[in-house]
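need the 3D shape of this:
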Amino acid sequence: MAAITIAPYNSQTGEGTLSFYANQYKTDIPTLQKLNPGITDINKIQAGANLNVPDTVVPINTNILNSASTTPLVKTGSPYSSIIASSDQARNQFNENATILQNKESQIVPPAQTPVNIQTANPSLKGLVDNANNLITQFQSQGGVITPQIQTLLDSINNSETQKMSSMAGARTATDEKDAKALNNAITTAKEAEKTQQATINQLITQLGTARADYLGSLTPTVKEGELRTKLNTLRTERQLLPLELRKEGISAQGIASREVSDERVRSIQEQNLLLELGLEQDARTMKSGILEKQVDYIGKDIDLQQKIQDKIQEQENKVLEQVRNLHKDSISALSNIVNSFKGLALEDMDAETQGQLFEMARANGIPFNLLTGALKTAKQQQVFDNAIKTSQENRLKESDNKNISLATIKYYADQVKSGAIYLENVPSESRNKVAEELSKTSSDIQITPDGIQYEKGADGLYYKK
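Sure, this is the predicted structure:
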């Protein structure tokens, strides 16, 4: 047993406790209590008091002698200046820590432009870092996106690196000042930071493998998904389903296919129905009061109305997405397949048999039926709106092209029609309207109806269709 004198200390750093001196002298609290039965408060050892410690241990987290074992070099002002070790073991510990620091400093290089970038002399850790960076590169090159979980692990690795580099800077200062305690603490902290990094990188590699497998799996339809798509395609092609608003107007799928009903009429009915569904009744009435040509451009030419429509559709879509977030990924995939297969149709547009089959598909795939209903309706509304904007833009481009047709071109085609070389229907579509106007102005022998049909005056004074 050996006795030491407790030097003045700073209690805020944890010094002056039996736990502190047990750690300092590589022993434990029960041993010190046994050697010092007079201590009543293990959390407050009085400065100046004597403390018995085992004589078989040597404090290594203290200020270390430099060269001669009888002439200690103690950091000026250190609270441990009265605790002096002159053993070879303590000196060796200091030298070992200094060597560790030198090795770590020799490995420091300019940061690389990689997701995981740490400074280490550990070959195993370097291998893990290279593996992690390769996995991230492969994952992103295949279209994968860094998930929040992966980003959290990357941030943790970077935080540990910052802590490690800060500890090494402190270790360098401690070495220069021959402060063995500070050096040992700094090296220990740096080692712990690197150990944490290694564990986190292992987690990162596992997480990357899982994320990559999940992502690639999502790109390859499962057997169940393939069967669902087959059923949906069969169901969609077997039935000539038509939106309810068109059927109410007496329009049939055959009528649309045979061009008995114009695209403009179909669009007008669907766009008016869209306005009514979204609660824009006044706009629906105004649109309906105009001629057909005005109706099909009503939405496309009103920017404010477009914004109102998109806001209302977005509001409904947000409600759908809120429910989707609670679904399993397989259910989300099934919902997407159903909506894409029946895009442009709400559930109410389908016959009872089709609705029943979709209900069974939804139930089998864990999709709430009210969610499926909302998703189909929102997708249909978005499609009608998108088509309105697209067609309006196309019409404006055609109008612009018509304005750019030269007068010489118009007169050329008009002369060709008047001479009988060609009929009006043979004139390129972008020039036909202008040519018809020219013919009506310049020739009383040719009449053009509003729908573009050409009539010529015969010898009997009557007009005949050409």
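
show me what the helix or strand containing residue 199 is packed up against.
Residue 199 belongs to helix 180-219 when assigned by DSSP states H and E. With contacts taken as 3 or more C-beta pairs under 8 Å, 6 or more residues apart in numbering; DSSP states H and E, helix 180-219 sits against helix 88-106, helix 123-141, helix 148-176. C-betas here are computed from N, CA, C, even on glycine.

which residue is nearest the centroid of the protein?
residue 145 (6.7 Å; C-alpha atoms, centre = their mean).

phi first, then psi, for that one.
Note on residue 145: its backbone torsions stand at phi -120, psi 140 [degrees, to the nearest 10].

got a list of what it touches?
By C-beta atoms under 8 Å, 6 or more residues apart in numbering, the contact set of residue 145 is empty.

where's it relative to residue 139, distance?
According to C-beta to C-beta, to the nearest Å, residue 145 stands 9 Å off from residue 139.

repeat for residue 195
26 Å.

also residue 358?
36 Å.

mind listing what's buried along stretch 300-310?
With burial defined by 16 or more other C-beta atoms under 10 Å, the residues of stretch 300-310 counted as buried are 300, 302, 305-306, 308-309.

that stretch: how far from the chain's middle?
Here stretch 300-310 is found 29 Å from its chain centre; the criterion is C-alpha atoms, centre = their mean, to the nearest Å.

contacts for that stretch next, please.
274-275, 278, 280, 283, 298-299, 385, 388-389, 391-393, 395-396.

among those residues, which ones are buried?
Among the contacts of stretch 300-310, those buried by neighbour count (16+ other C-beta under 10 Å) are 274-275, 278, 280, 283, 298-299, 385, 388, 391-392.

return the member of these nearest to residue 115.
Of all the buried ones among the contacts of stretch 300-310, residue 115 sits closest to residue 385, with 41.1 Å by C-beta to C-beta.

can you list the domain ranges for this structure.
111-219, 225-399, 405-465 (automatic domain parsing).

could I get these as JSON lines with distance to residue 31?
Formatted as JSON lines, the domains of the chain follow (distance: least, C-beta to C-beta, whole Å):
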{"stretch": "domain 111-219", "distance to residue 31": "21"}
{"stretch": "domain 225-399", "distance to residue 31": "58"}
{"stretch": "domain 405-465", "distance to residue 31": "101"}
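
as CSV, the ones you listed with mean pLDDT would be great.
Putting the domains of the chain into CSV (pLDDT from 0 to 100) gives the following:
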stretch, mean pLDDT
domain 111-219, 83
domain 225-399, 82
domain 405-465, 69
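
ok, back up a step: which of residue 195 and residue 139 has more neighbours?
Per other C-beta atoms under 10 Å, whichever of residue 195 and residue 139 has more neighbours is residue 139, with 20 against 12.

could you find the closest non-adjacent residue to that one?
Excluding its sequence neighbours, the residue lying closest to residue 139 (C-beta to C-beta, 6 or more residues apart in numbering) is residue 212, at 5.0 Å.

which residues touch that neighbour?
135, 138-139, 142, 144.

what is the nearest of these to residue 51?
For the contacts of residue 212, the nearest to residue 51 is residue 135 (53.8 Å; C-beta to C-beta).

wait, the closest one sits on residue 207?
No. Contact criterion C-beta atoms under 8 Å: residue 135 and residue 207 do not qualify, at 9.6 Å.

the more surrounded of these two?
Higher neighbour count among residue 135 and residue 207: residue 135, with 20 against 17, using other C-beta under 10 Å.

OK, contacts around the more buried one?
Counting by C-beta under 8 Å, 6+ apart, residue 135 makes contact with 205, 208-209, 212.

sorry, back to before: what would the helices and strands packed on helix 180-219 look like in JSON lines with distance to residue 259?
Converted to JSON lines, these look like this (distance: least, C-beta to C-beta, whole Å):
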{"stretch": "helix 88-106", "distance to residue 259": "80"}
{"stretch": "helix 123-141", "distance to residue 259": "48"}
{"stretch": "helix 148-176", "distance to residue 259": "53"}
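
doesn't residue 52 belong to a strand?
Yes. Assigned with DSSP: H, G, I helix; E, B strand; the rest coil, residue 52 falls within a strand.

so it sits against residue 35, correct?
Yes. Contact criterion C-beta under 8 Å: residue 52 and residue 35 qualify, at 4.0 Å.

number of nearby residues for residue 354?
Neighbour count of residue 354, defined by other C-beta under 10 Å: 18.

what's the spacing between it and residue 336?
19 Å.

what's the distance between the residue nearest to residue 139 and residue 136?
Counting by C-beta to C-beta, the gap from residue 212 to residue 136 is 10 Å.

just residue 295 next, same as before
Counting by C-beta to C-beta, the gap from residue 295 to residue 136 is 54 Å.

try residue 317
Here residue 317 is placed at a distance of 33 Å from residue 136 (C-beta to C-beta).

what do you get for residue 441?
71 Å.

so these two - more neighbours on which side?
Set residue 441 next to residue 136 and count neighbours by other C-beta under 10 Å: residue 136 wins out with 22 against 9.

surely that one and residue 129 touch.
No. Between residue 136 and residue 129 there is no contact under C-beta under 8 Å: 10.8 Å.

list the residues that contact both of these two?
residue 116.

so what's residue 261 up against?
For residue 261, the contacting residues are 251, 255, by C-beta under 8 Å, 6+ apart.

the chain should start at 10 in everything you say after this.
With the count now opening at 10, the last piece we talked about shows up as residue 270.

wait, a helix at it?
No. Using three-state DSSP, the assignment for residue 270 is coil, not a helix.

backbone phi and psi for it, please?
Note on residue 270: its backbone torsions stand at phi -110, psi 130 [degrees, to the nearest 10].

quick one, strands of this protein?
All strands of the chain, identified by DSSP state E, fall at 11-14, 59-62, 455-457, 463-466, 472-474.

which stretch among the domains of the chain comes nearest residue 30?
For the domains of the chain, the distance to residue 30 is smallest for domain 120-228, at 13.2 Å, taking C-beta to C-beta.

right, I'll leave it there.
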